[in-house]
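S.K.: Dropping a prediction and its sequence here:
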Amino acid sequence: MPKEALLEQFFTSLIGGDRRGARAIVDEVIQAGCSAEQVLARLFWPTLEHVQDLYRHDQMTKLAHHFATRLMRSLVDQLQPRLAQAPRRGQKVLMICGPEEPEELAAQMAADLMDADGYDVYFAGGGVANDEIVNQLGEMKADVLAVFSATAGTLPYLRQLIDYLHEIGVCPHLQVAVGGGVFNRAEGLAEEIGADLWAATPEEFVAAVSNQPRHRADDAQRTVGRKRRSRQAA
């Protein structure tokens, strides 16, 4: 089946709440030789992006949106054990995201792929206070703070979090990687808030962290807290 037709069939099953139909499509593509990683990256992710785009522009009912996101969450859960597992890296990742169901679903995809790629991933989801995140980063001696699928409403808190992490020096070698969500809709936003890495999709996100473990944002890039630092220097 052509890719476009498959995506359309899968999308139709999801927004109609057709659980058996959606599962049958996933089973079909796996039986055709697609890996679980390919299903997640080529079927689940673009479909979720399409669902979110339609809903954001008031072109989808809340019922259809709930059908799609809840059903896809179930399918992502079922797909996770099929992901090929790489040797463990001995690196810890704390992953957070926006507070809504679609953002948590997108972040779960990224978390599952990172876990399969050998990282020890601690997925907190959304709605966690900054002080709890900072404490957890310190306690677990995290290597990466992953923020995937943040929303516009969470940006002020994320800005404060990154600024505070730099100020107090908790986990001095910590890398902050962001992706998906609002970062895909606002060019340059990741750089503005001082993130070390940015990627658009879960697949690209894992590749960026894996391939650039030493990359850090320089002071010229960071605009978070710049006025505060300037006042302190003065």
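M.R.: All right, it came through fine.
S.K.: going forward, measure contacts between C-alpha atoms and count neighbours the same way
M.R.: Will do.
S.K.: what's stretch 66-74 in contact with?
M.R.: With contacts defined as CA atoms under 8 Å, 6 or more residues apart in numbering, stretch 66-74 is touched by 11, 14-17, 19, 44, 48, 51, 101-102, 105.
S.K.: would you put the C-alpha positions of it in PDB?
M.R.: Output in PDB follows, covering the C-alpha atoms of stretch 66-74 (Å, rounded to 0.1, in the frame of the first residue of the first chain):
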ATOM      1  CA  HIS A  66      -9.500  12.200  22.200                       C
ATOM      2  CA  PHE A  67     -10.200   9.000  20.200                       C
ATOM      3  CA  ALA A  68      -6.900   9.500  18.200                       C
ATOM      4  CA  THR A  69      -4.600  10.400  21.100                       C
ATOM      5  CA  ARG A  70      -5.900   7.800  23.500                       C
ATOM      6  CA  LEU A  71      -5.900   5.000  20.900                       C
ATOM      7  CA  MET A  72      -2.400   5.900  19.800                       C
ATOM      8  CA  ARG A  73      -1.100   5.900  23.300                       C
ATOM      9  CA  SER A  74      -2.300   2.300  23.700                       C
END
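S.K.: If you drop the residues flanking it in sequence, what lies closest to the residue most central in space within the chain?
M.R.: When the chain is reduced to its mean C-alpha position, the closest residue under CA atoms, centre = their mean turns out to be Phe148, at 2.7 Å. The shortest distance from Phe148 to any residue other than its chain neighbours is 4.8 Å, reached at Gly179 (CA to CA, 6 or more residues apart in numbering).
S.K.: How about stretch 124-133, which residues are buried there?
M.R.: Applying a neighbour-count criterion of 16 or more other CA atoms under 10 Å, one finds 125-126, 133 buried in stretch 124-133.
S.K.: Kindly reformat those residues as JSON lines and extend each row with distance to Leu75 and secondary structure.
M.R.: Shown next, in JSON lines, are the buried residues of stretch 124-133 (distance: CA to CA, whole Å; DSSP: H, G, I helix; E, B strand; the rest coil):
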{"residue": "Gly125", "distance to Leu75": "18", "secondary structure": "strand"}
{"residue": "Gly126", "distance to Leu75": "20", "secondary structure": "coil"}
{"residue": "Ile133", "distance to Leu75": "28", "secondary structure": "helix"}
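S.K.: Between the residues you listed, which sits nearest Met60?
M.R.: Minimum distance to Met60 across those is 23.7 Å, recorded for Gly126 (CA to CA).
S.K.: how about the helix or strand that contains Val178 as PDB, C-alpha atoms only?
M.R.: Of the helices and strands defined by DSSP states H and E, Val178 is found in strand 175-179. Provided in PDB are the C-alpha atoms of strand 175-179 (Å, rounded to 0.1, in the frame of the first residue of the first chain):
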ATOM      1  CA  GLN A 175      23.100  18.600  28.500                       C
ATOM      2  CA  VAL A 176      19.800  20.200  27.800                       C
ATOM      3  CA  ALA A 177      18.100  18.800  24.700                       C
ATOM      4  CA  VAL A 178      14.700  20.000  23.400                       C
ATOM      5  CA  GLY A 179      12.500  19.100  20.500                       C
END
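S.K.: okay, now the residue nearest to Phe148: neighbour count?
M.R.: By the other CA atoms under 10 Å criterion, the neighbourhood of Gly179 contains 25 residues.
S.K.: now swap in Thr201 and tell me
M.R.: Using other CA under 10 Å, Thr201 has 23 neighbouring residues.
S.K.: Gly17 too?
M.R.: Residues lying near Gly17 (other CA under 10 Å) number 21.
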